[in-house]
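# sequence first, then the predicted structure:
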Amino acid sequence: MTRTEHIQIEDYKYHLPDEHIAKYPLEQRDQSKLLHYHGGEIQEYGFRSLPKLLPKGALMIFNNTKVIYARLHFQKSTGANIEIFCLEPHRPTDYAQSFAQTRSCSWICMVGNLKKWKEGALVKEIEVAGRVIQLSATRGETHDTGHVITFEWGHDDISFSEILDAIGELPIPPYLNRDTEASDLSTYQTVYSKIKGSVAAPTAGLHFTPEVLQAIDQGGITRGEITLHVGAGTFKPVKSEAIGDHTMHAEWIAVGRNIIEQLLAHHCQCVAVGTTSVRTLESLYYIGVMAHHNPDASPEELAVPQWMPYEYARAEGEKLTPHEALCAILDYLDRHGLNTLCTSTRIIIAPGYHFHYVRHIVTNFHQPGSTLLLLVSAFVRGDWHRIYDYALAHDFRFLSYGDSSLLDTPDEILPLVNRNGETLSCATRQECHAHTHWLHPVVHLHVFAPDGSLYLQKRPDWKDIQPSKWDTAVGGHIAMGETVAEALLRESAEEIGIDATGATLVRTYIHQSEVERELVYIYRIETDATPTLSEEVADGRYFTADEIRQRIGTGYFTPNFEQEWLDTFGGGK
């Protein structure tokens, strides 16, 4: 598989006709179309159908950020127009403090028509709350692709937030190719927006209405809110050929203790509304890793670097489980007397990424060759072409004001348990088999004939673990949300076509190999039924105790089977 940093952005471009870009929203937010990707199948609904498509009892996370009036227009004495686009606070750096600042503050800004602003302050006479004051802007040092701009207005009773509300312009995406209109002031905000700070809306949330939110609540879904202030980098095109040469923008995030606790209560899985929520939630795992290794770190030192997920996955040694990472954050909050974790993230989610908490995403249709499309591709394991081809062929509207989708993970999700079998979190099958040694449960069934012979199955040569070896008659993972008894009946029917209703539990034990760690539930059953092989099984037959003893230790059987035969059934004695 191609290393994530070497992915070519050209492979994530597609033709997006201009007529498919929604320049304006629908009159009713929740009248938009909804594409549902589930089990590899695609179906079309109206957005109001979303509540009934969500998993029962799920946790749904929303980004409650609010778009600020970030564009400020000045005119020089020469007549030149200068646009200042406020990106993030510089002094003070805290958003709330900067908005509450009186007299002066500094922001990192993009400047339009910069070549016309060589030196000196820009001054503008403005009206705030019925009072006429002067606002000046002075250009300072460069910062990444922006400049530090100091704003001064010299009044102790007027805040910077009031100034932005009075004269700022709400920024809408540049690809809409139009000016901001009065209707955008409401339609380009989510109905649940609360915390000022974004320069772009978390657009997946634009479809939600109070009625849809009420239906979600009535459906038994738990709602939670995080904050990620969306920066202008969300519109930054990937100009490099390989994504390894693209620099992600840092975005400020805030996650309350209650969200961490809710994630733990829901076995570390959730529905994320929008890619901003995805990036925040997935950043938590790496924040937990850093807090675990450095509990005295400052919040700033817990900022997630762009490539940390891939470097951490490649590093040797055992990895924290999703549950352990969240517990490390709770310990960190306790240690520092905090109720909210505030830091930043540059995380890039692209093919090769393993999701730790997000199992379902509500998201719009994104620009060709964008980092957001890379995130979608990572989530659907490369099946984005089929999804986007369907959306284009069925007249879905694209980008910020367009239609949306509900994407369900195509991965097989397994529970992660403690030694008592209690579910703590979950992970993909691939991660459980990636040398993490995360404890996950499996069920084994030993099928005896009335004469004492034991039925065994031969594993196919395409299995990633112990291919072509003879093994227990039935063996399989217990799925997320499935009981041991349910898994036993399902696996027995699927693999050898017998009813295991009368099987009895013999014992449990922990088996650890080079690649995985399993909590094994051993069952036995005596039956005269004839097993029927499935496609999952290469061969099967009954073995006498003598036949098994002769082959023990020769590599003919799987280590699991040999251990169970000797320890549980006394080697056939």
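Done, it's in.

# so which bits of the helix of greatest length in the chain are buried?
In the chain, taking DSSP state H as the definition, the longest helix is helix 275-293. Buried positions in helix 275-293, judged by neighbour count with 16 or more other CB atoms under 10 Å: 275-292. Where C-beta positions appear, they are placed from N, C-alpha and C, glycine not excepted.

# what do you get for stretch 379-397?
In stretch 379-397, counting by 16+ other CB under 10 Å, buried: 379, 380, 383, 384, 387, 388, 390, 391, 392, 396, 397.

# what's near enough to touch the third one?
With contact set as CB atoms under 8 Å, 6 or more residues apart in numbering, residue 383 has these partners: 37, 40, 377, 410.

# my guess is the third one contacts residue 12, does it?
Which is residue 377. Yes - Residue 377 is within contact range of residue 12, at 6.6 Å (criterion: CB atoms under 8 Å).

# and the spatially most distant residue from the centre of the chain, what does it touch?
Distance from the centre of the chain peaks at residue 451, with 53.2 Å (CA atoms, centre = their mean). The contact partners of residue 451, taken as CB under 8 Å, 6+ apart, number zero.

# any idea how far it is from residue 525?
Separation of residue 451 from residue 525 (CB to CB, to the nearest Å) stands at 15 Å.

# same question, residue 255
According to CB to CB, residue 255 stands 48 Å off from residue 525.

# give me the more crowded residue out of those two.
Ranked by neighbour count (other CB atoms under 10 Å), residue 255 and residue 525 place residue 255 first, with 25 against 21.

# surely that one forms part of a strand?
Yes - judged by DSSP: H, G, I helix; E, B strand; the rest coil, residue 255 forms part of a strand.

# my guess is it meets residue 284, correct?
Yes - between residue 255 and residue 284 there is a contact at 6.6 Å, judged by CB under 8 Å.

# domain parsing for this structure?
Domain ranges of the chain: 4-13+34-66+191-408, 70-169, 414-572, per automatic domain parsing.

# of the ones you listed, which is nearest residue 177?
With distances scored as CB to CB, the stretch of the domains of the chain nearest to residue 177 is domain 4-13+34-66+191-408 (11.3 Å).

# how long is that closest one end to end?
End-to-end distance for domain 4-13+34-66+191-408: 22 Å, by CA to CA, to the nearest Å.

# now do stretch 192-212
OK, stretch 192-212 end separation, CA to CA: 12 Å.

# buried ones in it?
Buried residues in stretch 192-212 (16+ other CB under 10 Å): 192-193, 195-209, 212.

# okay, the contacts of residue 383 in a markdown table with distance to residue 155 and secondary structure next?
Listed next are the contacts of residue 383 as a markdown table, based on distance: CB to CB, whole Å; DSSP: H, G, I helix; E, B strand; the rest coil:
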| residue | distance to residue 155 | secondary structure |
| --- | --- | --- |
| 37 | 53 | strand |
| 40 | 60 | coil |
| 377 | 50 | helix |
| 410 | 56 | coil |
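
# mind checking which of these are buried?
37, 377.

# which of the contacts of residue 383 sits closest to residue 434?
Set against residue 434, the nearest of the contacts of residue 383 by CB to CB is residue 410 (17.4 Å).

# quick check, pLDDT for the closest residue to that closest one other than its chain neighbours.
Leaving aside its sequence neighbours, residue 410 sits nearest to residue 381 (CB to CB, 6 or more residues apart in numbering; 5.4 Å). If you check residue 381, the pLDDT there is 97.

# for residue 235, same thing?
65.

# and what of the one 3 residues further on?
The model reports residue 238 with a pLDDT of 88.

# how many other residues sit next to it?
Per other CB under 10 Å, the neighbour tally for residue 238 reads 20.

# and residue 105, by the same measure?
Counted with other CB under 10 Å, residue 105 comes out at 23.

# that one contacts residue 92, doesn't it?
Yes - Residue 105 lies in contact with residue 92 (CB under 8 Å); the separation is 7.1 Å.

# contacts only, for residue 52.
Residue 52 makes contact with residue 219 under the criterion CB under 8 Å, 6+ apart.

# tell me the secondary structure for it?
helix.

# likewise residue 368?
For residue 368, the assignment made with three-state DSSP gives coil.

# returning to what we had before: three-state assignment of the residue nearest to residue 410?
Strictly by three-state DSSP, residue 381 counts as coil.

# still on that earlier bit, quick check: the two most widely separated of the contacts of residue 383?
40 and 377 (14.7 Å).

# which residues are in contact with each of residue 105 and residue 92?
residue 98.

# residue ranges of the strands in the stretch 51-200 of the chain, please?
59-63, 65-67, 71-75, 81-91, 104-112, 122-128, 131-143, 146-152, 195-198 (DSSP state E, counting those that start in this stretch).

# between these, which one is nearest to residue 234?
The closest of those to residue 234 is strand 195-198. By CB to CB, the value is 9.0 Å.

# which other residues reach that closest one?
64-68, 95, 99, 161, 227, 229-231, 252, 254.

# next step: the residues you listed restricted to helices.
Filtering the contacts of strand 195-198 for helices - DSSP H - leaves 95, 99, 161.

# quick check: the residue nearest the centre of the chain vs residue 348, distance?
The residue lying closest to the centre of the chain (CA atoms, centre = their mean) is residue 278, at 3.6 Å. Distance, residue 278 to residue 348, using CB to CB: 12 Å.

# just to revisit the earlier point, redo the buried residues of stretch 379-397 as TSV? Include secondary structure.
Below are the buried residues of stretch 379-397 laid out as TSV (three-state DSSP):
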residue	secondary structure
379	helix
380	coil
383	coil
384	helix
387	helix
388	helix
390	helix
391	helix
392	helix
396	coil
397	coil
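
# closest to residue 220 out of those residues?
Here the nearest of the buried residues of stretch 379-397 to residue 220, counting by CB to CB, is residue 379; it sits at 24.5 Å.

# mind listing the strands for the stretch 351-500 of the chain?
With DSSP E, counting those that start in this stretch as the criterion, the stretch 351-500 of the chain has strands spanning 358-364, 404-408, 413-417, 423-428, 439-448, 454-458, 470-472, 474-477.

# tabulate those strands (CSV), appending mean pLDDT, distance to residue 137 and mean neighbour count.
Below are the strands of the stretch 351-500 of the chain laid out as CSV (pLDDT from 0 to 100; distance: least, CB to CB, whole Å; neighbours: other CB atoms under 10 Å):
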stretch, mean pLDDT, distance to residue 137, mean neighbour count
strand 358-364, 98, 34, 24
strand 404-408, 98, 38, 23
strand 413-417, 97, 51, 22
strand 423-428, 97, 49, 22
strand 439-448, 97, 57, 23
strand 454-458, 95, 74, 22
strand 470-472, 96, 72, 23
strand 474-477, 94, 60, 22
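
# with distance to residue 549 added, can I get those strands in CSV?
Putting those into CSV (distance: least, CB to CB, whole Å) gives the following:
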stretch, distance to residue 549
strand 358-364, 46
strand 404-408, 48
strand 413-417, 33
strand 423-428, 38
strand 439-448, 16
strand 454-458, 11
strand 470-472, 14
strand 474-477, 21
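
# so which of those strands comes closest to residue 259?
Closest among these, once you apply CB to CB, is strand 358-364, at 13.1 Å.

# endpoints of stretch 189-197, how far apart?
12 Å.

# quick revisit: packing partners of the helix or strand immediately after the longest helix of the chain in the chain?
Going down the chain from helix 275-293, the next helix or strand is helix 308-314, by DSSP states H and E. Counting contacts by 3 or more CB pairs under 8 Å, 6 or more residues apart in numbering; DSSP states H and E, helix 308-314 packs against helix 275-293.

# ok now the helix it packs on, how far from the chain's centre?
Helix 275-293 has its C-alpha centroid displaced from the chain centroid by 10 Å (CA atoms, centre = their mean, to the nearest Å).

# please name the residues that touch the residue nearest to residue 500 when sequence neighbours are not counted.
Nearest non-adjacent residue to residue 500, counting by CB to CB, 6+ apart: residue 492, 3.8 Å away. By CB under 8 Å, 6+ apart, the contact set of residue 492 is 445, 474, 498, 499, 500, 503.
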